[in-house]
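Trainee: Quick one: sequence plus predicted model below, questions after.
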Amino acid sequence: MNEQSPAEALARLQGVLDALLGPDGCPWDKTQTPQTLCDYVIEEAFELVDCIRCEDVPGTAEELGDVMFLLLFVATLSEKRGAFSLADALEVAAAKMVRRHPHVFADLKCENREELLRNWERIKRSEKGDGKQGLFDTLPKGLPPLLKAYRIHSKAARAGFTWETDAAMRESLAAERAEFEAAVTAGDQAAMAEEFGDYLFTLTEYGRRLGLKANACLDAANNKFLTRYKAMDRLATDRGLDLDSLDMAAKNALWEEVKKA
């Protein structure tokens, strides 16, 4: 474990960045702007999330450092332009968290988690100051669709606009599934696409009510499939078989063997 304090480590990273942007620095780094760094921020954030979900501790530390470097890079370039400094950004974040947690930093009492979240939403919407902020106006436009569906349902639920009971939720989910199957039976491609979207949207809310995040659950399912398929491929190779040339029955037999293992 590094004995440096976070402040010392941040100062060292700032020194590295200043050297990269200096007169004798890196030609590539010196051509970057906050806009050109956007894709790198997104890519490194995905890599960080992947390491966290895989419980890869060394990888998480490395990717967290990469994300921190890029955030510092954006802040440094912004300060050079006279827009804002890293200190400005951190102070805004600290003030925002204090403002949004009056149950911690003031004397507000929340009876339960639902009341706490509703209050958070009210504060967040009032921060624009004009009183015209809509419920969903704070949704980031670039959210992936599955994550956006979860956030939409979460915000709607905080405003009291959701199914009153889990039983009603399940009935609606069954109805959406039936509508999708009817579109499949009719062979209507446009209707299939619409009803499939409705079904996914409703299924996302059902999961949310059960404490499940659709995006994370699907990511885990993706990784599980990939892990099993790689194991199936290795098993076929060990037995001198060409996986691609096997019929479905043989592939399924290997798949089931991998699942049991």
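Mentor: Ah, there it is. All values reported here derive from a predicted model rather than from experimental measurement.

Trainee: This protein: strands as residue ranges?
Mentor: Remark: strands of the chain are absent; assignment by DSSP state E.

Trainee: Low-confidence bits of it, can you list those?
Mentor: 1, 129-133 (pLDDT under 70).

Trainee: Break it into its domains for me.
Mentor: 6-94, 101-138, 139-212, 216-260 (automatic domain parsing).

Trainee: Generate CSV for those, with mean neighbour count as supplementary columns.
Mentor: No exception for glycine: its C-beta is placed from N, CA and C like everyone else's. Formatted as CSV, these follow (neighbours: other CB atoms under 10 Å):
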stretch, mean neighbour count
domain 6-94, 13
domain 101-138, 12
domain 139-212, 15
domain 216-260, 12
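
Trainee: middle-most residue in the chain, spatially?
Mentor: The chain has residue 147 as the residue nearest its centroid, 6.4 Å off, counting by CA atoms, centre = their mean.

Trainee: Against residue 79, how distant is that one?
Mentor: 31 Å (CB to CB, to the nearest Å).

Trainee: Likewise for residue 27?
Mentor: Counting by CB to CB, the gap from residue 27 to residue 79 is 21 Å.

Trainee: what does residue 49 give?
Mentor: As judged by CB to CB, residue 49 and residue 79 stand 28 Å apart.

Trainee: Residue 31 now?
Mentor: Distance, residue 31 to residue 79, by CB to CB: 18 Å.

Trainee: Now do the contacts for residue 258.
Mentor: Residue 258 is in contact with 228, 231-232, 235, counting by CB atoms under 8 Å, 6 or more residues apart in numbering.

Trainee: could I get those as a markdown table with distance to residue 20?
Mentor: Formatted as a markdown table, the contacts of residue 258 follow (distance: CB to CB, whole Å):
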| residue | distance to residue 20 |
| --- | --- |
| 228 | 43 |
| 231 | 43 |
| 232 | 45 |
| 235 | 47 |
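
Trainee: if I pick residue 12, what's in contact with it?
Mentor: residue 4.
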